[in-house]
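> Model the structure of this input:
(chains A and B)
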Amino acid sequence: AQKITQTQPGMFVQEKEAVTLDCTYDTSDPSYGLFWYKQPSSGEMIFLIYQGSYDQQNATEGRYSLNFQKARKSANLVISASQLGDSAMYFCAMSPIQGAQKLVFGQGTRLTINP
Amino acid sequence: DVKVTQSSRYLVKRTGEKVFLECVQDMDHENMFWYRQDPGLGLRLIYFSYDVKMKEKGDIPEGYSVSREKKERFSLILESASTNQTSMYLCASSLFFGGSENTEAFFGQGTRLTVV
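Numbers count the residues shown, from 1 in each chain, chains lettered A, B, ... in the order given. Below is the predicted model:
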């Protein structure tokens, strides 16, 4: 079984600072994918970034980067130069790459950016 | 653009009613999912389907059933609604890959169900 743990229920950051959202995972699958989603107050889930377990380099998408440490089973999201619009819930998720690819989500972290 | 559309944004039902939540995707995705979202618990998988008429239980299937008669449509059924099923329900779809590709899921806008 797969499990995702996000230990920060809430985080408060000053605008323009960098922020790291923690995510640890547990799985027995040999290959898997790791995802981060953003959920603003409007409710829609927005895909941010993806990391495959076999990828040698950390994924980056604009201001988002994923700090993937396979040995520690962590997949932290780093947001550089935070903006007020980054205030939202953030979810870490994973799925196996082979077979049934059901997504498992963490509990989420509510990020608040202060002006 | 991928579109996943849920039939209702808000729904109020009475205890004991049979409730249908409908989800349609227009990108020919094989995988479809139903999640329930509750504060502090994140998204929990109720059921998912990787093909027409195929379904598998997720982590919290009790009290729910699903139907997938056509590839683009995945329905969640509450056989006899109860107050503890008051929640936000999210439908998602994704491609089925057995390789190195990103299997990003696309979500609907959610249905906030209240059972009174």
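
> CA only for contacts and neighbour counts going forward, please
Fine.

> give me the residue from chain B nearest chain A.
Using CA to the nearest CA, the closest approach of chain B to chain A is made by B:Gly42 at 3.9 Å.

> any idea of the pLDDT on the closest residue to that residue other than its chain neighbours?
Take B:Gly42 and drop its neighbours on the chain: the residue closest to it by CA to CA, 6 or more residues apart in numbering or on different chains is A:Gln107, 3.9 Å away. pLDDT, A:Gln107: 94.

> What is the burial count for A:Gln107?
A:Gln107 has 25 neighbouring residues, counting by other CA atoms under 10 Å in any protein chain shown.

> Contacts only, for it.
Applying CA atoms under 8 Å, 6 or more residues apart in numbering or on different chains, we find A:Gln107 in contact with A:Ile4, A:Thr5, A:Gln6, A:Pro9, A:Phe91, B:Gly40, B:Leu41, B:Gly42, B:Leu43.

> B:Glu72: which of the residues you listed is nearest?
B:Leu43 (22.1 Å; CA to CA).

> who's that closest one bridged to?
B:Gln37 (DSSP bridges).

> just checking, it touches B:Gln37?
Yes: counting by CA atoms under 8 Å, B:Leu43 does reach B:Gln37; the two are 4.5 Å apart.

> So for the two, which sits in the more crowded spot?
Using other CA under 10 Å, the more surrounded residue of B:Leu43 and B:Gln37 is B:Leu43, with 23 against 17.

> Could you list which residues are in contact with residue 59?
Unless you meant another one, I'm taking chain A. So A:Ala59 contacts A:Ile49, A:Tyr50, A:Gln51, A:Ser65, A:Leu66, A:Asn67 (CA under 8 Å, 6+ apart).

> Chain B was what I was after
With CA under 8 Å, 6+ apart, B:Asp59 has these contacts: B:Arg44, B:Leu45, B:Ile46, B:Tyr47.
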